[in-house]
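Chemist: this one's sequence-less:
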């Protein structure tokens, strides 16, 4: 056996296992997944609900402008759902939970007046943008085409608000349901600007409930059946009122 090898050569051999271990550790660190950081953001629920409802309304309204746009709208909606639906679903569930105290059942539907108002406001705004009395048909088609393309290509994804999107992703389930109308508590009632014949008794009913200086939404005006939603001034109180043959009662 040769015992005359340089001491430096022995050190190199001894250091080899340590170097390999260090390399392995460094490699594992570089391969370790970096978890994106975010802060809890309760406003993320309202944000995602509004963005999803707006997308659904654009799809609904632009689809009315012809077969080509109907096909484009369907493709845009499908692509958007594939990227965003789990976050949208968890946002709607949390938004609905926030409105639990204002939720009631009407015609076998669970509805809440703030959700109805939100949906109606977005619908009114979008219809105004697409109003064909103010724009030529070709301009409206062009606007819809560009809007739908942005939904299909991902520039209108929820990830535009990075922190909100990451927060929603952390809460989302791996088993999302089939898409549905959002906000789900907006139901199928349609806001009508024209009050019915029961307006006097409606205001009397609201005054008896201490609901003054109220904003009133007409949700059904089909005499003898009328439905109203009131947002009482100076508070978060809402009152759902049904009228039949002029006799009104709150729910």
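Modeler: Thanks, I have the structure now. Just so it is clear, the model here is predicted, and its values are computed rather than measured.
Chemist: Give me the domain ranges for this structure.
Modeler: Domain segmentation of the chain under automatic domain parsing yields 43-186, 199-250.
Chemist: mean pLDDT for these: which is lowest?
Modeler: Between the domains of the chain, the one with the least mean pLDDT is domain 199-250; it has a mean of 92.
Chemist: hang on, the earlier thing: now distance to residue 193 and mean neighbour count too, for the domains of the chain, in TSV please.
Modeler: C-betas here are computed from N, CA, C, even on glycine. Below are the domains of the chain laid out as TSV (distance: least, Cβ to Cβ, whole Å; neighbours: other Cβ atoms under 10 Å):
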stretch	distance to residue 193	mean neighbour count
domain 43-186	10	17
domain 199-250	7	16
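Chemist: so which of those domains gets nearest residue 37?
Modeler: Proximity to residue 37 (Cβ to Cβ) singles out domain 43-186 among these, at 7.8 Å.
Chemist: Please enumerate the helices of this protein.
Modeler: Using DSSP state H, the helices of the chain run over 7-31, 43-62, 67-98, 113-129, 137-153, 162-171, 199-208.
Chemist: which stretch among those comes nearest residue 215?
Modeler: helix 113-129 (8.5 Å).
Chemist: can you list contacts of the closest one?
Modeler: 49-50, 53-54, 57-58, 61, 95-96, 99, 102, 143, 183-187, 189-191, 217, 219, 229-231, 238, 240 (Cβ atoms under 8 Å, 6 or more residues apart in numbering).
Chemist: relative to helix 43-62, how tilted is that helix?
Modeler: Orientation check (axes from the mean of the first three to the mean of the last three Cα atoms, to 10 degrees): helix 113-129 against helix 43-62 gives 40 degrees.
Chemist: got the helices of the chain as JSON lines, with distance to residue 246 columns?
Modeler: As requested, the helices of the chain are exported to JSON lines (distance: least, Cβ to Cβ, whole Å):
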{"stretch": "helix 7-31", "distance to residue 246": "73"}
{"stretch": "helix 43-62", "distance to residue 246": "34"}
{"stretch": "helix 67-98", "distance to residue 246": "33"}
{"stretch": "helix 113-129", "distance to residue 246": "22"}
{"stretch": "helix 137-153", "distance to residue 246": "42"}
{"stretch": "helix 162-171", "distance to residue 246": "46"}
{"stretch": "helix 199-208", "distance to residue 246": "6"}
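Chemist: Residue 250 is nearest to which of these?
Modeler: Nearest of those (Cβ to Cβ): helix 199-208, 6.0 Å.
Chemist: Which other helices and strands does the closest one contact?
Modeler: strand 225-231, strand 238-244, strand 247-250 (3 or more Cβ pairs under 8 Å, 6 or more residues apart in numbering; DSSP states H and E).
Chemist: could the ones you listed go into a markdown table alongside distance to residue 110?
Modeler: As requested, those are exported to a markdown table (distance: least, Cβ to Cβ, whole Å):
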| stretch | distance to residue 110 |
| --- | --- |
| strand 225-231 | 14 |
| strand 238-244 | 12 |
| strand 247-250 | 18 |
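Chemist: got the contact list for residue 230?
Modeler: 113, 206, 211, 214, 215, 216, 217, 238, 239, 240, 241.
Chemist: ok, 7 Å please
Modeler: 206, 211, 214, 216, 238, 239, 241 (Cβ atoms under 7 Å, 6 or more residues apart in numbering).
Chemist: Find the nearest non-adjacent residue to the second one, please.
Modeler: It stands for residue 211. residue 232 (4.0 Å; Cβ to Cβ, 6 or more residues apart in numbering).
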